[in-house]
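**Q** Next input, structure requested:
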Amino acid sequence: MNINPETDLDLEKLFLPAWAQESPAVNRYAKFTGGEERPDRRDDRRGRGPRPPRREGGERPPGGPRSDDRSHGPRRDAGGGRPQRDDRGGPRRDDRREQREAPLPLPQINVSLVPDEKGVESLARQIKMTGRAYPLFDIARLILQKPERYSVRFTIKKNAEGRPVQPLFVCALDETMWLTEDEAVGHVLRNHFATFYQPERTATEPPKGKYTFVGQCGMSGVILGPPNHHDYQNRLHKLHAERFSRMPFEMYKSRVKIVRDEEVVKKWVEDQSWKTEYICLNVPEPLKLASREEVEQHFRTTHKDTIIKPVENHTLNGVAARGMRCHGLARLVLQLTDEQRHFPLQMATVLSQQFAGHGLQFFKVNKTVTHVSVARPHFLDLETTPVSEGVKRIVEFIEVHPKCTRRKLFEALAPSPPPAPIPVVPAGAEPAATEGTAKPVEQPEPSPEQNAVNADLHWLIHQGHVIEFANGMLDTAKKPLPRPPKPEKKPAEAPAEATAPVATSESAPGEAPSAEPAVDLVGATPAETVPMPVVIPEPPTEPVPPREVAVAVSATPLASSGETRAASA
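**A** Next comes the predicted model:
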């Protein structure tokens, strides 16, 4: 850490105006005197004689240059720029780095998250029972925490001609979704092959000839056979298309290795000594197919239209959507969920529509945070509205004590009676024997005063006069500021030229009628030769919203203001 004030960098001084900064004439290094010029090291080296011999093991003498002057990495130029070629003629290190593949574009499909209807119904019931106001976006984040609480809806996009931009296919066997028909067919033949076909192996003649080596895939370990075999190229192209289609064929071909192991060669010969046929199931007539290509062709002709169907929209639960086998759709769902966890606008929009269907209301606090509750804030004027004395005490207490809770309210207006004294057992007496386990401490029943306060508070909350937030704080609905009066209509100013002609009700041919009304000036005095004022209607100005704790934003009509609690006898 630098504690020298002369070399310390003070950012505050750098942003001061020019007249407040230190004078540049001050030389901080005036006290340092210069010495002689430093001699050339090369001349110094010439006078020292030969270099000292190296130590054993390649070590260098202390303070001397390194014994091994050949660096292991690429050298850089004098300016510290890009690395140069090695002295041994090797390529640059930057050229050895493999270029990262650009990410594939996301499929053009609309994806949205929908909260579970049963979960939303349970949340709405809880909000109605407690009467508390909960932040809408916090509820949306709570739903996004677990995939069991929401569903994912997929919808295709259509172009101007009404055709889908990206088709969408659904497998009826397991409700999986795919972007292409070929992906769906491959998925069915890999995972549901036994539902439609049954393999049957029969012995056949082994391949003729003597084979000493075979080709084997270096990544999957599949034995392809001798390179001079007639079926080698077909097996090579087929394996590349099924498993490694993203890799260029020439690169994949270079990964094939030649194996001269007798066990591997013997295993390939045994595999070629059997013939596999496929028996078709779920067909009216028995049929055998000789190869997998014939199986795929038969499936496309017979079962494809029944099992794989194109759809315009489809909905999956969150767990199934997160475990999708289609790579493009899985990336799309992952990106959407990450965006919604950061800012759940789309989830909150759908959630507000579902809450509105259950009769809940919405309002904003300080014009920023949207809350959902049983009622919108509605100001209660105690001076003009007849209410009971208990209601008036509650409202006045909350206004006087900001951020009060229900517990503080009850302690102030209806405190609990003191607990009963515990009987003291004399020193010599034995305590009474209790049968079985000890009885749990019973909670005292609320007093009539507490029941009355609770009933009045419940009515105030459900009418919107009092707001109880999710953290337990109580607040009252504030009185809105009065609307400003409309500005008076100001007459238009008189024209600069008093002798200008005034248009009459009949305009000359070819002239547009004037916007000002015609005035008859016959017999008028010079002071009266002023055109009549034209009143230009001004758009009504919006009143300035008051700065209150809760501002209603829902379009649902408010409850009648006459629904006030009658005064108690």
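
**Q** Going by C-alpha atoms from here, please, whenever you check contacts or count neighbours.
**A** Will do.

**Q** Quick one: end-to-end distance for stretch 358-369.
**A** Stretch 358-369 stretches 21 Å from its first residue to its last (C-alpha to C-alpha, to the nearest Å).

**Q** Which of the helices and strands in the chain ranks last by mean pLDDT?
**A** Within the chain, no helix or strand scores below strand 550-552, which has a mean of 41 by mean pLDDT, DSSP states H and E.

**Q** Check what pLDDT residue 511 gets.
**A** pLDDT, residue 511: 40.

**Q** just for the stretch 301-450 of the chain, where's the confidence low?
**A** 420, 422-443 (pLDDT under 70).

**Q** run the last query once more with 80
**A** For the stretch 301-450 of the chain, applying pLDDT under 80 flags the ranges 417-444.

**Q** Do you have the helices of it handy? List them.
**A** Secondary structure of the stretch 301-450 of the chain by DSSP state H, counting those that start in this stretch: the helices cover 304-307, 318-322, 327-342, 345-357, 389-400, 406-413, 448-463.

**Q** and what of the stretch 51-200 of the chain?
**A** Going by DSSP H, counting those that start in this stretch, the stretch 51-200 of the chain shows helices at 93-96, 117-130, 136-144, 181-191, 193-196.

**Q** any idea which of those is most buried?
**A** helix 136-144 (a mean of 19; mean count of other C-alpha atoms under 10 Å).

**Q** could you say what helices and strands that helix packs with?
**A** Where contact means 3 or more C-alpha pairs under 8 Å, 6 or more residues apart in numbering; DSSP states H and E, helix 136-144 is packed against helix 327-342, helix 345-357, strand 369-373.

**Q** tell me the most buried of those?
**A** Highest mean neighbour count of the helices and strands packed on helix 136-144: strand 369-373, a mean of 23 (counted as mean count of other C-alpha under 10 Å).

**Q** List the neighbouring strands of it plus their orientation.
**A** strand 132-135 (antiparallel), strand 361-365 (antiparallel) (DSSP bridges).

**Q** ok, so what distance separates residue 209 from residue 110?
**A** For residue 209, the distance to residue 110 (C-alpha to C-alpha) stands at 59 Å.

**Q** ok, now residue 140?
**A** 20 Å.

**Q** ditto for residue 183
**A** As judged by C-alpha to C-alpha, residue 183 and residue 110 stand 20 Å apart.

**Q** who touches stretch 183-195?
**A** Here stretch 183-195 makes contact (C-alpha atoms under 8 Å, 6 or more residues apart in numbering) with 169-171, 177-178, 281, 296, 300, 304, 308.

**Q** Quick one: buried ones out of these?
**A** For the contacts of stretch 183-195, a burial check counting by 16 or more other C-alpha atoms under 10 Å picks out 169-171, 177-178, 300, 304, 308.

**Q** Need the max-distance pair from those.
**A** Spatial extent of the buried ones among the contacts of stretch 183-195 (C-alpha to C-alpha) is set by the pair 177 and 300 at 17.6 Å.

**Q** can you pull the contacts of the closest residue to residue 148 other than its chain neighbours?
**A** In this structure, residue 148 finds its nearest non-sequential neighbour in residue 318, 5.7 Å apart by C-alpha to C-alpha, 6 or more residues apart in numbering. Shown in contact with residue 318 (C-alpha under 8 Å, 6+ apart): 147-152.

**Q** State the distance from the closest residue to residue 150 other than its chain neighbours to residue 336.
**A** Counting by C-alpha to C-alpha, 6+ apart, residue 150 lies nearest to residue 115, which is 4.1 Å off, once chain neighbours are set aside. Distance, residue 115 to residue 336, by C-alpha to C-alpha: 14 Å.

**Q** so which helix or strand takes in residue 215?
**A** Secondary structure from DSSP states H and E places residue 215 in strand 214-217.

**Q** other SSEs contacting that strand?
**A** Packing partners of strand 214-217 (3+ C-alpha pairs under 8 Å, 6+ apart): strand 223-225, strand 256-259.

**Q** Could you identify which of those is most buried?
**A** Compared across those, strand 223-225 shows the largest average neighbour count, a mean of 23 (mean count of other C-alpha under 10 Å).

**Q** who does that one pair up with?
**A** Strand 223-225 pairs in its sheet with strand 214-217 (antiparallel), by DSSP bridges.

**Q** mean confidence score for the strand it pairs with?
**A** 90.

**Q** same deal with stretch 110-124?
**A** Stretch 110-124 shows a mean pLDDT of 94.

**Q** With stretch 482-495 instead?
**A** Regarding stretch 482-495, the rounded mean pLDDT is 67.
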